[in-house]
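> Below is the sequence, then the predicted model.
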Amino acid sequence: MTFICYILLQLFSISLVVSPADQNRCNKIFDTVSQRTVYITADTKAVNEGGNAALEKRLSGIAMDSIDASQSSDIIIDFIVETDGSISNERIIKGGRIAKEMISVSKSFKWIPGICNGKKVAMLHQVKTTVCFSEN
């Protein structure tokens, strides 16, 4: 029997270190996939309608049968939430078929864009799921 032992939704992007003085500010990076500047922190982060709990619930329904049961596995995807709430520039960081399904699940939601200085902004998001296995 398999089960998801831990789900962590990270609604911020990859490896940027933000100094304590900048934690409440809007930070952006140049995204090499989309070839443009996107935000990674904002006054209000982009979120799917229904919030993290709704996203976690749908993600937990993904069949995990293609993962090697001898070890735990991280599955990581990134995407940009556009100012109109759509998702673009989806990418699989780690995870194969299951990551593709995670992208489909993420795209099935309507997203509320991030807000920086009172203005809607495109934000890079990362979703990470760690799958653990147990045998009965």
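Arrived safely.

> quick one, phi psi at the residue lying closest to Glu49 once chain neighbours are set aside?
Of all residues beyond its chain neighbours, the one nearest Glu49 is Lys110 (4.8 Å), with distances taken as Cβ to Cβ, 6 or more residues apart in numbering. C-beta coordinates here come from the backbone N, C-alpha and C atoms, glycine included. When quoted as degrees, to the nearest 10, the phi and psi of Lys110 stand at phi -90, psi 140.

> buried set for the longest strand anywhere in the chain?
For the chain, the strand with the greatest residue count under DSSP state E is strand 123-133. When neighbours are counted by 16 or more other Cβ atoms under 10 Å, the buried residues of strand 123-133 are found to be Met123, Leu124, His125, Gln126, Val127, Lys128, Thr129, Val131, Phe133.

> Next: stretch 32-50.
Residues of stretch 32-50 classed as buried under the neighbour-count rule (16+ other Cβ under 10 Å) are Val38, Tyr39, Ile40, Thr41, Ala42, Lys45, Ala46, Val47, Asn48.

> Show me the helices in this structure, by range?
Secondary structure of the chain (DSSP state H): helices located at 51-59, 96-107.

> what's the neighbour count on Ser106?
Neighbourhood size, Ser106 [other Cβ atoms under 10 Å]: 21.

> which residues does it contact?
In this structure, Ser106 makes contact with Asn48, Leu55, Ile77, Phe79, Ile87, Glu90, Val127, judged by Cβ atoms under 8 Å, 6 or more residues apart in numbering.

> Any figure for the gap between it and Ala99?
Ser106 sits at a distance of 10 Å from Ala99 (criterion: Cβ to Cβ, to the nearest Å).

> before we move on, what about Lys107?
Where Ala99 is concerned, Lys107 sits at a distance of 13 Å (Cβ to Cβ).
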